[in-house]
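Undergrad: Predicted structure and sequence below. I'll ask about it afterward.
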Amino acid sequence: MDMKKFLSDLERLVNIDCGSNVPEGVQEVTEIFKKELENDWIVEVYPQNDGKNPVLVAKNRDSEDIDLMFLGHNDTVFPRGTVPAWSYKLDGNIATGAGVYDMKSGVLSMIEVAKEFKNEDITIALVMNTDEEISSLHSRPIIEKMGAKAKYAMVFEPARKNGNAVIERKGLVKYKVEFFGKASHAGNYPQEGINAIVEAAHWVGEISKLHNWDIKNSLNVGLIEGGAGVNIVPDYACFKFEGRSHQVEFFETIRKTMEELQTNPKVAGIKVKVEEIGYRPPLVLNDKSALLRDLFDESKKEMGIKYDWEVAGGCSDGNFLGVLEVGVVDAVGPVGGEAHSKNEYLDVSTVEERINLAKSVVRKMIDRKII
């Protein structure tokens, strides 16, 4: 592969402010890939979220059925204005910059792998969304629609700091809960008020009881707001929380708990609005995922590459595919670390190795008529 071009492309992409909520940035990156692929691939860009979070889909041939999906995202977690203060830098084998590891290097890697097999008698689909870091709220329907027609998928999220890839992931659900009460003077007419904060606090306590790390079910209330002053009975409160688990049943327990709380309020007259703001089902090992994992292990041994497989607490877009019986392996991109922080880095020396490993696996899948 042309490593010089890879690094040049990487620098260009990293030096674009493209957080999930920076429309012009994610649109620019999407347009770069569209121009690169449209001459040799069938490219379609879906203008999700009124064009603010486009999804690019590229296929090597016109077929509904997909033998192999490659997934990656073009957005980062960083806010507008990050790049001018923190641009791409390469020092030896260590590259730094916003999204250099998570996951511009992975998207470039998956394109490099896909191009190798573009003319093979298989259908390859590349999917690049721009809202992965905000739970793929807008791209989820496209990923699921394509996943329903796919056999196998490789998610080019970055490998772990220790080089490990991911074979299973927890599922995730996020909720926003709002409380609407009635304001009143806390000294003169407290009895006329309906305290939204009291009800919210009751919910926080009850919801938090579902956290059970002994069985790896986590629940975290991460944001809360409400009230205007201590002398005013608050008429509004809101909190947001997430739950993570390998078991779909846990998410149903959360939902039922909220239904029970809503039916039996602690504060009379309170009104409550519950909104699901994110969901990814668990990515659990199935037979096809195990087969794909074993092919990676075989190629790793042949190439002298040593790393293990992890069960991750975090999510990716691969979570949407496992429940559709797609064979999924995740975190097959290059090695680095400190994602989502100003210490994010990529170990450039692992880029070509991980690309060649993925190519070796795809070649085995073709030669053995797995796809």
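TA: Structure received. Numbering: from 1, shown residues only.
Undergrad: Please name the residues that touch the most centrally placed residue in the chain.
TA: Using Cα atoms, centre = their mean, the residue of the chain that lies closest to the mean C-alpha position is S316, 3.5 Å off. Taking Cβ atoms under 8 Å, 6 or more residues apart in numbering as the criterion, S316 is in contact with L71, E132, V155, E157, V166, R169, R280, L283, D330, A331. Just so you know, the C-beta spots here come from the backbone N, C-alpha and C atoms, and that holds for glycine as well.
Undergrad: quick one: secondary structure of it?
TA: Following DSSP: H, G, I helix; E, B strand; the rest coil, we place S316 in the coil state.
Undergrad: Distance-wise, check it relative to A114.
TA: Separation of S316 from A114 (Cβ to Cβ, to the nearest Å) stands at 18 Å.
Undergrad: Just the helices from this structure, written as ranges.
TA: Here the chain has its helices, by DSSP state H, at 3-14, 23-37, 82-85, 105-116, 140-147, 196-208, 248-263, 287-303, 319-322, 351-367.
Undergrad: Most tightly packed of those?
TA: Neighbour counts (mean count of other Cβ atoms under 10 Å) averaged over each of those peak at helix 319-322, with a mean of 26.
Undergrad: average pLDDT across that helix?
TA: On average, the pLDDT along helix 319-322 is 95.
Undergrad: Next one, pLDDT for the closest residue to G72 other than its chain neighbours please.
TA: Nearest-residue entry for G72: V107, 3.9 Å, with adjacent residues in sequence omitted and distances by Cβ to Cβ, 6 or more residues apart in numbering. Per-residue pLDDT puts V107 at 98.
Undergrad: just G314 next, same as before
TA: 89.
Undergrad: so who does E44 touch?
TA: L56, V57, A58.
Undergrad: wait, what's in contact with K273?
TA: With Cβ under 8 Å, 6+ apart, K273 has these contacts: V177, E178, F180.
Undergrad: my guess is the second one meets V272, correct?
TA: Yes - under the criterion of Cβ atoms under 8 Å, E178 is in contact with V272, at a separation of 7.0 Å.
Undergrad: List just the nearest of the contacts of E44 to S245.
TA: Checking the contacts of E44 against S245 by Cβ to Cβ gives V57 as the nearest, at 30.3 Å.
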